[in-house]
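Student: Would you be able to build a 3D model of this:
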Amino acid sequence: MILILKSTATRDDISDLKSRLEGRGLRPVIMEGSEKVAVGIIGETRSHLPADQIQALPYVEAIRRVSDPYKLANRVFHPEDTVVNAGGAKVGGGHFALMAGPCSIESREQIIEVAQAVKAAGATMLRGGAFKPRTSPYDFQGLRDEGLKLMLEAKRETGLPIVTEIMSIDHLPLFEDVDMIQVGARSMQNFEMLKELGKTKKPILLKRGMCATIKEFLMAAEYIMASGNDQIVLCERGIRTYETATRNTLDLSCIPVLHERTHLPVVIDPSHATGVARYVPSMAAAAAAAGADGLMIEVHNNPAAALCDGPQSLTPEVFADVVRNVKTIRNAICMKAAPKPISVETVIRACAS
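Tutor: Residues are numbered from 1 along each chain as shown. Next up is the predicted model:
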């Protein structure tokens, strides 16, 4: 629900309304425009907030209900873009993230060599898997806690903030020094995990489930936000379709759709989406042109010998070319074409229509 206040509403009126709402167990979100104030209300308003009682308040002009089930993630409740800060690396609101590194951490030499190479090429964050969810139980499962130690050593060597995947909430104590926790596609609807991650206040990279709709994707983000954590980056990594020429089908149309519906940053993972290294550069360029807030790309110093996802991994040299192309595209197109945050006045007009 959104309340539109009269232009004559005072600070005391807003404070009074906030107290009334919180007293009913609801969460008010104050959105101040140049002429009017809109108040978004999170919670069960139908049973806890009789419309006639609110409409009777002298400073309330109109009441509008929001049908979308996601509220905190909804741009209607948060017109400005969210900027996520992960160890100094910013994502969203015009800040473009380049997350790069190996699918799996294999050794100290490997992760440090790759970290140094991607930093030199322009990466802003180091990605790498310590705990690896694999389709086959016989495939390499990662170095686990030892892999996390090696990744933290690479962070100390290069200064790059790190992002790595968590597979069980029981592992959370091991992630204390990780700058951004990745929730993999298979865990997108692990709601108990999402609730616990919402209590951490740590930046979360939420990957879209391979069969998830955009609505389900945003509802997963809502679980994290409802527990108190709004530092979320959404990651499109391809969805499962009938097509078999690529590993998954990269849904680039999700970029404008998500930017329209949510204030959360959107990054693209063309490596997992295509599963083929030679397709990654063009998909990375397309994502940048479509207005993505960042890229997550797998880079390995020797893809042919990789223990995990070698066929989709770029060499450091190719990654450097990708970075140059992406920067050129963003300078030429995307900085002008990127969607602008909507104003509170736009929200009020939309609610009134």
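
Student: what kind of secondary structure is Val178 in?
Tutor: Reducing the assignment at Val178 to three states with DSSP: H, G, I helix; E, B strand; the rest coil gives coil.

Student: Could you check how many residues crowd around it?
Tutor: Burial measure for Val178: 24 neighbouring residues, criterion other CB atoms under 10 Å. Every C-beta, even on glycine, is put in place using the N, C-alpha and C of the backbone.

Student: now Gly159
Tutor: The tally of other residues near Gly159 (other CB under 10 Å) stands at 12.

Student: cool, and the one 5 residues further on?
Tutor: Here the count is done by other CB under 10 Å, and Thr164 has 25 residues near it.

Student: repeat for Val118
Tutor: Under the neighbour criterion other CB under 10 Å, Val118 is assigned a count of 28.

Student: hang on, it packs against Val299?
Tutor: Yes: Val118 lies in contact with Val299 (CB atoms under 8 Å); the separation is 5.5 Å.

Student: okay, and the common contacts of these two?
Tutor: Overlap between the neighbourhoods of Val118 and Val299 consists of Ala100, Gly101, Pro316, Phe319, taking contacts as CB atoms under 8 Å, 6 or more residues apart in numbering.

Student: how about those in TSV, adding secondary structure, neighbour count and distance to Lys199?
Tutor: Written out in TSV, the entries for these read as follows (DSSP: H, G, I helix; E, B strand; the rest coil; neighbours: other CB atoms under 10 Å; distance: CB to CB, whole Å):
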residue	secondary structure	neighbour count	distance to Lys199
Ala100	strand	30	29
Gly101	strand	31	27
Pro316	helix	18	37
Phe319	helix	28	35
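
Student: which among those residues gets closest to Gly92?
Tutor: Among the shared contacts of Val118 and Val299, Ala100 lies closest to Gly92 (CB to CB), at 18.3 Å.

Student: Show me what the closest one is bridged to.
Tutor: Leu126, Ile297 (DSSP bridges).

Student: Over to Val233?
Tutor: Listed by DSSP bridges, the beta-bridge partners for Val233 are Leu205.

Student: Show me where the chain has its helices.
Tutor: Listed in chain order, the helices of the chain (DSSP state H) span 11-23, 45-48, 51-55, 108-121, 145-158, 191-198, 214-226, 254-261, 270-274, 280-289, 316-329, 335-337, 344-352.

Student: What lies in contact with the fifth one?
Tutor: The one in question is helix 145-158. 104-105, 107-108, 111-112, 114-116, 119, 126, 128-131, 143, 160-162, 164, 174-175, 177-179.

Student: quick one, which of the helices of the chain is packed in tightest?
Tutor: Looking across these with neighbours counted as mean count of other CB atoms under 10 Å, the highest average goes to helix 270-274: a mean of 26.

Student: Is it correct that Leu72 is in contact with Ile42?
Tutor: Yes: using CB under 8 Å, Leu72 is in contact with Ile42, at 6.3 Å.

Student: which one of these two has more residues nearby?
Tutor: The residue with more neighbours, out of Leu72 and Ile42, is Leu72; 24 against 19, by other CB under 10 Å.

Student: Look up how far Met225 lies from the residue nearest to Lys327 when sequence neighbours are not counted.
Tutor: The shortest distance from Lys327 to any residue that is not its chain neighbour, by CB to CB, 6 or more residues apart in numbering, is 7.4 Å, and that residue is Gly122. Using CB to CB, to the nearest Å, Gly122 is found at 31 Å from Met225.

Student: ok, now how distant is the residue positioned nearest the centre of the chain from Ala288?
Tutor: Computing the C-alpha centroid of the chain and ranking residues by CA atoms, centre = their mean puts Val233 first, at 1.4 Å. According to CB to CB, Val233 and Ala288 sit 16 Å apart.

Student: Please report phi then psi for Arg240.
Tutor: phi -80, psi 130 (degrees, to the nearest 10).

Student: so it makes contact with Arg208?
Tutor: No: with contact defined as CB under 8 Å, Arg240 does not count as touching Arg208 (10.9 Å).

Student: The two: which is more packed in?
Tutor: Between Arg240 and Arg208, counted using other CB under 10 Å, the more crowded position is Arg208 (26 against 13).

Student: Contacts only, for that one.
Tutor: If a contact means CB under 8 Å, 6+ apart, then Arg208 has Ala185, Met188, Phe217, Leu234, Cys235, Glu236, Arg237, Ile239, Cys254 as its contacts.

Student: Kindly recompute the last result at 7 Å.
Tutor: In this structure, Arg208 makes contact with Ala185, Met188, Phe217, Cys235, Glu236, Arg237, Ile239, judged by CB atoms under 7 Å, 6 or more residues apart in numbering.
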